[in-house]
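Visitor: 3D, please:
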Amino acid sequence: MLVVHGGIDPQRSLADHTVEELLTMRSPHGDGYDGPFWYDDYDGPYRVFFGHTVHDHPVEREHAVGLDTGCVYGGTLTAYDYRNDEFRTVEAKTHQERANSKIVDPA
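Guide: Purely as a prediction, here's the structure:
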């Protein structure tokens, strides 16, 4: 298991990433929210838990788990209970405005 704020480049080893990349990566070979996103092509070996990219709902893939559901923008606060293999969410109480184009639907 690996936890990062942003993401990783599936085409490079973990040791070849900067701290800045681990904090801010969304699309290593694209353009931010326009994708393609790093987790679209990531197939392990680690299961990576990440945030930084706001989604309508949590992302759950075999090797990537996205937890940022935009709480600060009025979405939910999401956590992952690894012992029970399930997401936990609570509604936001206050929030800032955010453009819909900055929220990803990971369909």
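
Visitor: The chain: strands as residue ranges?
Guide: In the chain, the strands defined using DSSP state E lie at 2-3, 48-50, 59-60, 64-66, 76-81, 86-91.

Visitor: Deepest in the core, which of those is it.
Guide: Of these, the one with the most neighbours on average (mean count of other Cβ atoms under 10 Å) is strand 64-66, at a mean of 23. C-beta: built from backbone N, CA, C; applies to glycine.

Visitor: Tell me which strands that strand pairs with, and in which orientation.
Guide: Within its sheet, strand 64-66 is paired with strand 48-50 (parallel), strand 59-60 (antiparallel), according to DSSP bridges.

Visitor: Quick check: mean pLDDT of that strand?
Guide: Throughout strand 64-66, pLDDT has a mean value of 97.

Visitor: contacts for it?
Guide: For strand 64-66, contacts defined as Cβ atoms under 8 Å, 6 or more residues apart in numbering pick out 39, 42, 47-51, 53, 55, 58-60, 80, 106.

Visitor: now swap in stretch 88-107 and tell me
Guide: Defining contact as Cβ under 8 Å, 6+ apart, one finds that stretch 88-107 is touched by 33, 37, 53-59, 66, 69-81.
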